[in-house]
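Asks: Sequence unavailable; structure follows:
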């Protein structure tokens with residue numbers, strides 16, 4: 001009888017220790033998941049803040065100058081797989097602190113413009129704002145990549161105000177023209193195709209296309225600037241009509 005009670009007590013202790021171990025592992029896993037969700041939440045909020053800033057600038061230009069410099073805005077959050085792969089390439093353990101200190105492109109905002117000068121105007125308007133801190137700038141328009149890639153890249157930091165705290169979050173902003181984005185999208189598709197025959201010839205032809213597109217961008221900007229310089233003095237009625245048209249611009 002005593003042996004049976006002893007075995008029952010030993011079994012209970014063993015099971016209890018096993019339960020504690022499983023519960024401990026589950027809590028650690030949940031803490032990691034929640035920590036990751038909180039990390040990504042910050043970057044998602046940074047995207048919203050920057051996206052709103054560009055929308056405000058586009059609205060202002062539509063009212064003041066009857067021209068919207070932004071054709072479209074695209075946003076993306078780097079996936080968990082991409083984050084882990086990049087940390088592995090860097091040879092750094094993927095802790096939250098290491099991710100925040102070493103990755104600048106988890107939050108991404110891509111702004112597509114009509115003209116080259118709009119790119120620099122928007123970049124300047126963004127980085128002059130009091131709560132935006134410019135960390136790094138790479139101008140692949142003035143200095144294209146060897147394959148012909150053109151775009152303006154900014155790494156910026158924006159403050160995110162939570163219920164009980166404030167946190168500076170970094171994000172990558174890419175600003176390019178419609179033509180630059182068209183080329184980059186096609187080049188990205190081609191680059192990831194496997195077993196491409198005559199790869200060097202394809203690379204050379206892509207570079208030629210990039211140069212042609214850059215020439216078209218420059219020509220279109222020159223044409224627009226020439227048209228801007230042509231200022232016909234409107235009649236009084238036309239001037240009133242133009243002001244009325246500005247009142248019709250939708251602000252939503």
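Replies: Received, thanks. Computed from a predicted model, the values in this text were never measured in an experiment.
Asks: For the stretch 101-250 of the chain, just list every one of the strands.
Replies: For the stretch 101-250 of the chain, the strands defined by DSSP state E, counting those that start in this stretch cover 107-113, 133-139, 152-161, 166-177.
Asks: out of those, deepest packed?
Replies: Highest mean neighbour count of these: strand 107-113, a mean of 23 (counted as mean count of other Cβ atoms under 10 Å). C-beta here means a position set from N, CA and C on the backbone, and glycine is covered the same way.
Asks: helices and strands around that strand, which ones?
Replies: helix 2-65, strand 70-77, helix 116-127, strand 166-177, helix 178-191 (3 or more Cβ pairs under 8 Å, 6 or more residues apart in numbering; DSSP states H and E).
Asks: what angle sits between the fourth one and helix 116-127?
Replies: Calculated by axes from the mean of the first three to the mean of the last three Cα atoms, to 10 degrees, strand 166-177 forms an angle of 170 degrees with helix 116-127.
Asks: mean confidence score for strand 166-177?
Replies: The average pLDDT for strand 166-177 rounds to 96.
Asks: Pull the residues that contact stretch 71-83.
Replies: 36, 40, 43-44, 47, 51, 54-55, 86, 94, 99, 103, 105-114, 178 (Cβ atoms under 8 Å, 6 or more residues apart in numbering).
Asks: Give the buried residues for that stretch.
Replies: 75, 78, 83 (16 or more other Cβ atoms under 10 Å).
Asks: got a list of what the closest residue in space to residue 184 that isn't next to it in sequence touches?
Replies: Counting by Cβ to Cβ, 6 or more residues apart in numbering, residue 184 lies nearest to residue 149, which is 6.3 Å off, once chain neighbours are set aside. Residue 149 makes contacts with 140, 183-184, 187, 210, as judged by Cβ under 8 Å, 6+ apart.
Asks: chain center to stretch 43-53: distance?
Replies: Chain-centre distance of stretch 43-53: 9 Å, with Cα atoms, centre = their mean, to the nearest Å.
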